[in-house]
Structure formats: C-alpha cells, structure tokens
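Asker: No letters, just coordinates:
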C-alpha cells in the first residue's frame, strides 16, 4: 500500500473502502429479507427478585391471537407474527418496520411455578410474571450450636 492510497482510506475517500463498507452493510439485510425477524426482536427487559422473574417484551402491532408463550422448566419461548399493514392503492417508498413471524427464547436462572404465571398485553407491551418454583426458593438454614453445657 502506498502513502497516497493509505491517506485516502484514512479520510474515507478510497472508493474501494467505501464500496466494501456499504456492501457489508447491505448483505445482512438482503440475507434476512424485508419481512424476516431482525436480531433481538422483540426487545426484552428481564429482572428478578427473590420470589419471581418479570419479563416485558415490546410487541407493537401484535394481536393477542397472534402470540404464543411457552415455558418448559427454565426456558421461555415467545412466538408470534406481526401482520403487514396493507393500504389500498398505495405504493411503499420504505419498509423499515418488521412484519412476519418471530421467535425469541430465553433461559431463566431458575425454574418457575407454572400455575402462577401471569401474562398481559397492553399498549403493545407484553408483561410476564413468573413466580419461582417453591423448591427453587432460597432457604435459610438454621445453625445449631455444637457446644455442650
């Protein structure tokens, strides 16, 4: 590499560098297609305390009937689909919002009690409340004195 080519690359004028960068950005979107699931969809927020775990998922435009939640021991799976908005006699100029089927799987740090699970969908946000299984709850161990009187 000569000095002239190197200096062009450093200031972004080298057309090959620019083409390579732009092509690299284009390939992932072409591989996924316009209607396929983007990485990390839906966006999640997960937290826990001693007794339970809570998960919220951003699912704007997803109807309850198009959503499936399953839990198997310590694995939660969200599956669903987001329908494409169709407008009569319209021509799209951009399609940046995801539509189609999605799956998101999350391994929990403990097993949950299936009978106590609650799920709500409000304003495009799914909220899961997952109580910790009874046998998974931390237990306080009583310490007995070994001293003899």
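Answerer: Sure thing, it's come through. On a predicted model such as this, the values are computed, not experimentally measured, just so you know.
Asker: what's the burial count for residue 95?
Answerer: By other Cβ atoms under 10 Å, the residues close to residue 95 number 11. Where C-beta positions appear, they are placed from N, C-alpha and C, glycine not excepted.
Asker: Would you quantify the distance from it to residue 60?
Answerer: Residue 95 sits at a distance of 16 Å from residue 60 (criterion: Cβ to Cβ, to the nearest Å).
Asker: what do you get for residue 90?
Answerer: The spacing between residue 90 and residue 60, counted by Cβ to Cβ, is 20 Å.
Asker: of those two, who's got more company?
Answerer: residue 60 (11 against 8).
Asker: Need the nearest residue in space to that one, chain neighbours excluded.
Answerer: residue 124 (3.5 Å; Cβ to Cβ, 6 or more residues apart in numbering).
Asker: Break the protein down into its structural domains.
Answerer: Segmentation of the chain into domains, based on automatic domain parsing, reads 1-32, 36-136.
Asker: Of those, which is nearest residue 144?
Answerer: Relative to residue 144, the nearest member of these by Cβ to Cβ is domain 36-136, separated by 23.3 Å.
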